[in-house]
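# build me a model:
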Amino acid sequence: MRRPEHLFAPPATGLVVPVPVDPLGITGPTKPRSRGPNWRRTSPGRFVPAHVSDEYVEQRILESACRAGERAVVTGWAALRLWGAGYFDGLARDGVTRLPVPIATNGERLQHHDGILASRFTVPPDEILVIHGIRCASVERALFDEMRRVHYPRAMVVSADMTFAAELTTIRRMRLYRLERRWYRDVRNVDQALDLCDENSWSPYETDYRLVWRCDAGWGHPLCNRPVLDLDGRFVGVPDLIDPRRGVVGEFMGAHHRDKLQHESDVVREDKFRPLDERDRRAS
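I've put the predicted structure just below:
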């Protein structure tokens, strides 16, 4: 079954590499022009045209990487975004607060900057790949760094689920990575989170809901986003969560479900699921 488009980041296009001052004004602005309205300073001595906005998250990542230096490696949520995971949009869960770009400095010193979360971790060459001209951590390393950044176990599960949903890696590959890098700091912290993960969750709120279902209610691990058919083989729907043993489906209702038309659609959808358990019981 095809996954929703929002799980995947749109292709990054139109990225502009910051350039230094050029006395001739050919490859960059002259010094006087760099102070004018047509150029925007991204870091000491580097500029982009003023129309290039860092509201575009991939551009912000690129500018942070250029600021950090040649040996630096973009990791965590920023690398996962460049790899193509749609969830990692550079904003906190409130949808407003900008997250600093995680940079592994590979032992180099990096001056503090509000837009960068610098760590002195070393990323080995076999964990570095170049995407859009930016040195990035591999998917597994980036996810590992993101999980230890958020630290809280349920937040770790959300980050992992959304990476799996974007089909960038799998739980099995992350377990293998964890074993291969067992000497890394905090590596044991990911074990509990991976036990709670699911590769078929389609939103962070579905993951939150599943963790309540499993950890708080104690109902075990439900199936996620699986198609449901009736006894005649007709397609009924794809619930967020389903426990086939109990005959229970679970749907997360976000704020947009308060809309009248959406609510009516939800009621119709619920009515389709409701008779199935009764029919199955009679059939058995």
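# ok, the residue minimising distance to the centre of the chain - contacts?
Among the residues of the chain, F88 comes closest to the average C-alpha position under Cα atoms, centre = their mean, at 3.4 Å. The contact partners of F88, by Cβ atoms under 8 Å, 6 or more residues apart in numbering, come to 9, 77-78, 80-81, 146, 162. In this view, the C-beta of every residue, glycine as well, is placed from N, C-alpha and C.
# got a PyMOL select line for the buried ones in those?
Selection of the buried residues among the contacts of F88 in PyMOL, burial being defined by 16 or more other Cβ atoms under 10 Å:
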select buried, resi 9+77+78+80+81+146+162
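# of the contacts of F88, which belong to helices?
Among these, the members found in helices (DSSP state H) are 77-78, 80-81, 146, 162.
# tell me the one among these nearest to L179.
E146 (19.0 Å; Cβ to Cβ).
# that closest one and M253: what is the separation?
E146 sits 28 Å away from M253, going by Cβ to Cβ, to the nearest Å.
# now Y209
Y209 is 10 Å from M253, by Cβ to Cβ.
# host element of W219?
Mapping W219 onto the secondary structure by DSSP states H and E places it in no helix or strand at all.
# show me the shaky parts of the stretch 101-250 of the chain.
Scanning the stretch 101-250 of the chain for pLDDT under 70 picks out nothing.
# quick one: the helices in it?
139-150, 153-165, 171-180, 189-196, 204-211 (DSSP state H, counting those that start in this stretch).
# which strands and helices sit next to the last one?
It refers to helix 204-211. In this structure, helix 204-211 packs against helix 153-165, strand 241-243, with contacts taken as 3 or more Cβ pairs under 8 Å, 6 or more residues apart in numbering; DSSP states H and E.
# nearest to C66, of the ones in helices among the contacts of F88?
Nearest to C66 among the ones in helices among the contacts of F88, counting by Cβ to Cβ, is A78 at 13.1 Å.
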